[in-house]
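Q: Sequence first, then the predicted structure:
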Amino acid sequence: MAALATLRAIHFAFAIQVIGALLFCVILNRAPAGATGWARDRFVRLAAVSAVAVVVSEIAWLVLQAADMADSGVLDVWTSGALGALMLKTRAGIIWWGRLALALAVIVAVGAAGRTTNAALTAIGFALAVASSVSGAWLSHAAADPGPYGTLHLAVHAAHMLGAALWLGGFVPLLMLLWRARRSRDPKDLALARHAAVWFGNIALLAVGVLVATGMANTAFAADSAADLTVGPFARLLAGKVVLFLVMLALAAHNRQRLVPQLAAASASAVVATRLWRNVLAELALGILILVLAGALGLTPPGEGG
């Protein structure tokens with residue numbers, strides 16, 4: 001169970017990173033000309049490496065899932081027919097085929113975007129990356145909700161995943177821009193970091209709003225009673241996730257209210273870029289911990305016996 005939860009977290013981390021890298025390519029399309037070439041190349045490479053890692057981790061997740069369902073070893077699922085049964089004879093198998101097809105389509109789209117600066121190709125790659133990541137909702141507790149609001153639960157969970165991807169995915173690209181700005185002290189690099197930080201700050205604000213609203217709804221859908229939220233492994237994991245999220249939110253608020261406006265000022269310096277870089281790095285570390293907890297939550301049923 002621990003290995004599967006960790007692998008799920010790793011998979012979604014890479015899927016989120018593809019979204020973040022391509023989102024910043026879209027942001028760069030609106031940046032001042034003359035300072036975006038190096039950044040776009042690096043973001044496309046980041047998206048390409050992450051997209052390949054998504055496929056590899058997805059296959060590994062699939063194998064571990066089959067082994068868990070068949071209560072057998074990883075090597076046994078290839079010879080016992082458990083993997084074939086999962087992929088060809090279950091509803092989950094249809095979802096897995098669709099997710100693998102989307103993940104491969106993302107690789108193709110990122111490769112095409114890397115050979116041209118066409119904004120439409122970048123947008124297509126971004127849309128496919130979003131679809132690939134959000135499709136993971138169909139393998140969650142929400143997809144198995146048999147209640148009358150099961151479809152709404154699934155939609156809410158998918159929106160929650162999208163909000164998380166838009167927020168968490170932007171940290172590494174923003175760190176790359178801030179690192180360059182603080183090291184080079186070039187006005188063009190500072191201007192580019194300023195542009196990206198302002199745009200990403202606006203997107204992150206919307207994403208956080210979606211996360212809060214859908215997180216509350218998800219909790220209401222997942223719990224059959226108040227006890228489900230106060231006792232058992234699910235409750236402890238959820239509490240840990242909420243605490244980390246609140247700390248992360250406090251950091252994000254400080255960045256948006258204090259540091260991003262300072263970076264956007266005409267007198268911005270590498271010192272401000274350095275401070276913002278350190279805070280974003282801390283947000284990224286908290287985000288990784290939240291992903292680990294989210295991976296465990298996806299495998300833990302609510303209640304004391306979970």
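A: Alright, I've got the coordinates.
Q: three-state assignment of Gly136?
A: helix (DSSP: H, G, I helix; E, B strand; the rest coil).
Q: That one and Met161 touch, don't they?
A: Yes - using C-beta atoms under 8 Å, Gly136 makes contact with Met161 at a distance of 6.4 Å. (C-beta placed from N, C-alpha, C; glycine too.)
Q: what is in contact with those two at once?
A: Phe12 (C-beta atoms under 8 Å, 6 or more residues apart in numbering).
Q: Comparing the two, which residue is more hemmed in?
A: Taking other C-beta atoms under 10 Å, Gly136 and Met161 do not tie; Met161 has more neighbours (25 against 21).
Q: how about that one, what does it touch?
A: So Met161 contacts 12, 133-134, 136-137 (C-beta under 8 Å, 6+ apart).
Q: Same list, those residues, but as CSV with pLDDT please.
A: Below are the contacts of Met161 laid out as CSV (pLDDT from 0 to 100):
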residue, pLDDT
Phe12, 90
Ser133, 93
Val134, 93
Gly136, 89
Ala137, 88
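Q: Relative to Leu286, which of those is nearest.
A: Nearest to Leu286 out of those is Phe12 (C-beta to C-beta; 15.5 Å).
Q: Let me see the contact set for that closest one.
A: By C-beta under 8 Å, 6+ apart, the neighbours of Phe12 are 133, 136, 161, 291, 294-295.
Q: Helices of the stretch 151-300 of the chain, residue ranges please.
A: With DSSP state H, counting those that start in this stretch, the ranges of helices along the stretch 151-300 of the chain come out as 171-184, 187-222, 232-254, 260-264, 270-297.
Q: Kindly report the same for the stretch 1-150 of the chain.
A: Using DSSP H, counting those that start in this stretch, helices in the stretch 1-150 of the chain cover 2-28, 37-70, 76-80, 82-89, 91-114, 119-134, 150-168.
Q: Out of those, which is the most enclosed?
A: helix 2-28 (a mean of 23; mean count of other C-beta atoms under 10 Å).
Q: burial count for Trp138?
A: 19.
Q: from memory it sits against Leu154, does it?
A: Yes - at 7.2 Å, Trp138 counts as touching Leu154 under the criterion of C-beta under 8 Å.
Q: For Asn118, which phi and psi angles does the backbone take?
A: phi -60, psi 120 (degrees, to the nearest 10).
Q: what separates it from Ser50, distance-wise?
A: Relative to Ser50, Asn118 is positioned 21 Å away (C-beta to C-beta, to the nearest Å).
Q: how about low-confidence regions in the stretch 101-250 of the chain?
A: Along the stretch 101-250 of the chain, the parts satisfying pLDDT under 70 run over 225-228.
Q: and the gap between the nearest residue to Phe43 once chain neighbours are set aside and Ala53?
A: Once flanking residues are discounted, Phe43 sits nearest to Ala21: 4.6 Å by C-beta to C-beta, 6 or more residues apart in numbering. Counting by C-beta to C-beta, the gap from Ala21 to Ala53 is 12 Å.
Q: can you check Leu75 too?
A: For Leu75, the distance to Ala53 (C-beta to C-beta) stands at 23 Å.
Q: Repeat that for Ala273.
A: Taken as C-beta to C-beta, the span from Ala273 to Ala53 is 29 Å.
Q: again, but for Leu299
A: Distance from Leu299 to Ala53, by C-beta to C-beta: 21 Å.
Q: how about Leu75, phi and psi?
A: Torsion angles, degrees, to the nearest 10, at Leu75: phi -70, psi -30.
Q: export the contacts of Met161 to TSV and tack on distance to Arg99?
A: Output for the contacts of Met161, formatted as TSV (distance: C-beta to C-beta, whole Å):
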residue	distance to Arg99
Phe12	12
Ser133	10
Val134	10
Gly136	7
Ala137	11
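Q: so which of those comes closest to Ala250?
A: Using C-beta to C-beta, these come closest to Ala250 at Phe12, 23.6 Å.
Q: how much space between the closest one and Val156?
A: Distance, Phe12 to Val156, by C-beta to C-beta: 17 Å.
Q: Same check on Val231?
A: With C-beta to C-beta as the criterion, Val231 and Val156 are 24 Å apart.
Q: now swap in Leu237 and tell me
A: Counting by C-beta to C-beta - Leu237 and Val156 are separated by 19 Å.
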